[in-house]
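*Asks:* pasting the sequence and the predicted model now:
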Amino acid sequence: MWQWHVIRLDLKHRFTIANRSSDFRENIVVRYVNGSETYYGLAAPNPRYDESVETAISAIEILTQSAQLNQEPVTIWPLLNQAIRGQYAAKASIDMALYDAWGKRTNQPVWKLLRVPEPHGMPLCMTIGIDSAERVKQKVLDAHEFPILKVKLGGSNDREMIESIRSVTSKPLRVDANEGWRNREDAIREIEWLASRNTVFVEQPMPSDQLDDVIWLKQRSPLPLVADESLDHRASLPDLAQAYDGINIKLMKCGGITPALSLMGQARTLGLRIMLGCMVESSIGIAAAAQIAPLVDDLDLDGNLLIVNDPFRGCDVVDGHIYLNHRPGLGVLSKT
Ligand code: MG
């Protein structure tokens, strides 16, 4: 029997990205209780994609009617996708639960069922939200074990933040402007400046509706550009490949592991760099994404590390590296 409930996840630090700030996030935990076994999924609805807790729950009510637990998720996903428009976080929650069920039925971890190569520790980046120079410095010191930092820019103190980070570390930075730069001349100036400060790539420099400007940027940029907000369900990958060097795939954006694998296949044929990202979300969602993590170039799976009251435990993170486990399904345990 399907059940779901809302959890409130409190953030360690007030989380600010270009145009948005928050102290907590709400996720929806989806469960299917089958005797002594429970299968888990998670939805982290995002207002950027016209989703709320309410719209996600309405979608979950409908989607659970199409979800056949005794079948492989890849055969069910097209039914989920046709059952309702949009609401990809809700679709992802059901897809995850189907993978968890498949793994627990066959007593295998999902990564093994998917023939993903035996994973070892994979380097993670820690996200540094927009903040004052002083607080940014403290967050960077707190993140000392992470080999890479992801810095949110597109606020009013971009250069000050980077200078503050560079005063304490020279480790590689990924920059995410979250659509925050509106003018392409300003954007290229920032990218050139960042290139001389050990930045690896820049994610979503400009708004998703300014694709022509990003094509212009790509022709000039010394750094690879990665699409995040531009990669929604309406996006055409060949079009995106004109403007970007890579894409940030998130289970919550595309609807789960099944469509993520399909996107990865298409991205590889286009020669795109593949990043696997997440929302601020509980370990259920991170563990689901981690099952396919060895297949991508760049991991950005720290959404559960930004919260203080995660009710679930999934992958271990040691010295800034994420480790998959051998528990069946998604390998997620409830802490309660
Ligand atoms: Mg992003």
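*Replies:* Received it, and whenever you're ready, just let me know what you need.

*Asks:* measure residue 69 to residue 102 for me?
*Replies:* Using C-beta to C-beta, to the nearest Å, residue 69 is found at 9 Å from residue 102. (Each C-beta comes from the backbone N, C-alpha and C, glycine too.)

*Asks:* who's more crowded, these two?
*Replies:* Ranked by neighbour count (other C-beta atoms under 10 Å), residue 69 and residue 102 place residue 102 first, with 22 against 16.

*Asks:* which residues touch the more buried one?
*Replies:* Taking C-beta atoms under 8 Å, 6 or more residues apart in numbering, we find residue 102 in contact with 72, 73, 110, 113, 329.

*Asks:* which residues does the helix or strand containing residue 55 contact?
*Replies:* Taking DSSP states H and E as the criterion, residue 55 maps to helix 53-63. Residues external to helix 53-63 that are found in contact with it (C-beta under 8 Å, 6+ apart): 2, 4, 6, 26, 28, 30, 43, 45, 80, 83-84, 87, 89-91, 93-94.

*Asks:* okay, domains of this structure per the record?
*Replies:* Structural domains annotated on the chain: 2-112, 117-334, as defined by automatic domain parsing.

*Asks:* possible to save the ones you listed as a markdown table with mean pLDDT?
*Replies:* Converted to a markdown table, these look like this (pLDDT from 0 to 100):
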| stretch | mean pLDDT |
| --- | --- |
| domain 2-112 | 95 |
| domain 117-334 | 97 |
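
*Asks:* so how many other residues sit close to residue 66?
*Replies:* 16.

*Asks:* wait, a helix at it?
*Replies:* No: Residue 66: not assigned to a helix; according to DSSP: H, G, I helix; E, B strand; the rest coil it is coil.

*Asks:* use 765 as the first number from now on
*Replies:* From this message on, residue numbering opens at 765, which makes the last subject residue 830.

*Asks:* any idea how far it lies from residue 1000?
*Replies:* When residue 830 is compared with residue 1000 (using C-beta to C-beta), they lie 26 Å apart.

*Asks:* can you give me the strands for the stretch 965-1100 of the chain?
*Replies:* Assigned by DSSP state E, counting those that start in this stretch, the strands in the stretch 965-1100 of the chain fall at 989-991, 1010-1014, 1037-1041, 1062-1063, 1076-1077, 1080-1082, 1085-1087, 1097-1098.

*Asks:* ditto for the stretch 815-964 of the chain
*Replies:* So, for the stretch 815-964 of the chain - with DSSP E, counting those that start in this stretch - the strands run 886-887, 889-892, 912-916, 937-940, 963-967.

*Asks:* want to throw the ones you listed into a markdown table with distance to residue 1048 and mean neighbour count?
*Replies:* Output for the strands of the stretch 815-964 of the chain, formatted as a markdown table (distance: least, C-beta to C-beta, whole Å; neighbours: other C-beta atoms under 10 Å):
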| stretch | distance to residue 1048 | mean neighbour count |
| --- | --- | --- |
| strand 886-887 | 19 | 16 |
| strand 889-892 | 19 | 24 |
| strand 912-916 | 22 | 21 |
| strand 937-940 | 23 | 24 |
| strand 963-967 | 24 | 23 |
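
*Asks:* alright, I will stop here.
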